[in-house]
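>>> Mind looking at a prediction? Sequence and model below.
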Amino acid sequence: MQVIFEDDIDGSEAEGTVTAAFNGVGYELDLSARNRDKLLKAFGPYVEAVRKISARSSSRRRQAISRSPERTPRTSSRKVSAR
């Protein structure tokens, strides 16, 4: 038996699956080489700027946040002028 994946965008034959996470939600797309290239080109500037994290460090961070009794807002190092 042969399994053929279908491109989730245009229905053509997919060459692989692209996985990504955004705002804590994981996503998968089966894409042809053409659509994979289009996706990488669109996300290129963002992919170059991201900080990679491992699943292990991500889960530890979530556990630390959920265990903390008080959550304080982040502070910025930028000065904001009062108007």
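Looks like it arrived, so ask away.
>>> tell me which element residue 27 falls in.
In the assignment (DSSP states H and E), residue 27 maps to strand 25-31.
>>> just residue 45 next, same as before
Assignment of secondary structure by DSSP H and E places residue 45 within helix 33-49.
>>> residues of that helix that come out buried?
Buried residues in helix 33-49, counted by 16 or more other CB atoms under 10 Å: 35, 36, 39. Every C-beta, even on glycine, is put in place using the N, C-alpha and C of the backbone.
>>> Could you check how far the first one is from residue 51?
Read that as residue 35. From residue 35 across to residue 51, the span is 26 Å (CB to CB, to the nearest Å).
>>> just the last one next, same as before
Taking CB to CB as the criterion, residue 39 is separated from residue 51 by 20 Å.
>>> Tell me what angle the strand holding residue 27 forms with helix 33-49.
Orientation check (axes from the mean of the first three to the mean of the last three CA atoms, to 10 degrees): strand 25-31 against helix 33-49 gives 150 degrees.
>>> which residues are contacting strand 25-31?
5-9, 14-21, 39 (CB atoms under 8 Å, 6 or more residues apart in numbering).
>>> Can you dump the C-alpha atoms of it in CSV for me?
Extracted in CSV, the C-alpha atoms of strand 25-31 (Å, rounded to 0.1, in the frame of the first residue of the first chain):
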residue,chain,number,x,y,z
VAL,A,25,-1.0,26.3,19.3
GLY,A,26,0.7,23.6,17.1
TYR,A,27,-0.1,23.4,13.4
GLU,A,28,0.7,21.0,10.6
LEU,A,29,0.3,21.5,6.8
ASP,A,30,0.9,18.9,4.1
LEU,A,31,2.5,21.0,1.3
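>>> Can you give the strand pairings for that strand, parallel or anti for each?
The strands beside strand 25-31 in its sheet (DSSP bridges) come out as strand 16-22 (antiparallel).
>>> Show the average pLDDT along the partner strand.
When pLDDT is averaged along strand 16-22, the result is 91.
>>> same thing with stretch 40-59?
82.
>>> Quick check: pLDDT value at the nearest residue to residue 18 once chain neighbours are set aside.
Distance criterion CB to CB, 6 or more residues apart in numbering; nearest residue to residue 18, sequence neighbours excluded, is residue 29 at 4.8 Å. We have a pLDDT of 95 for residue 29.
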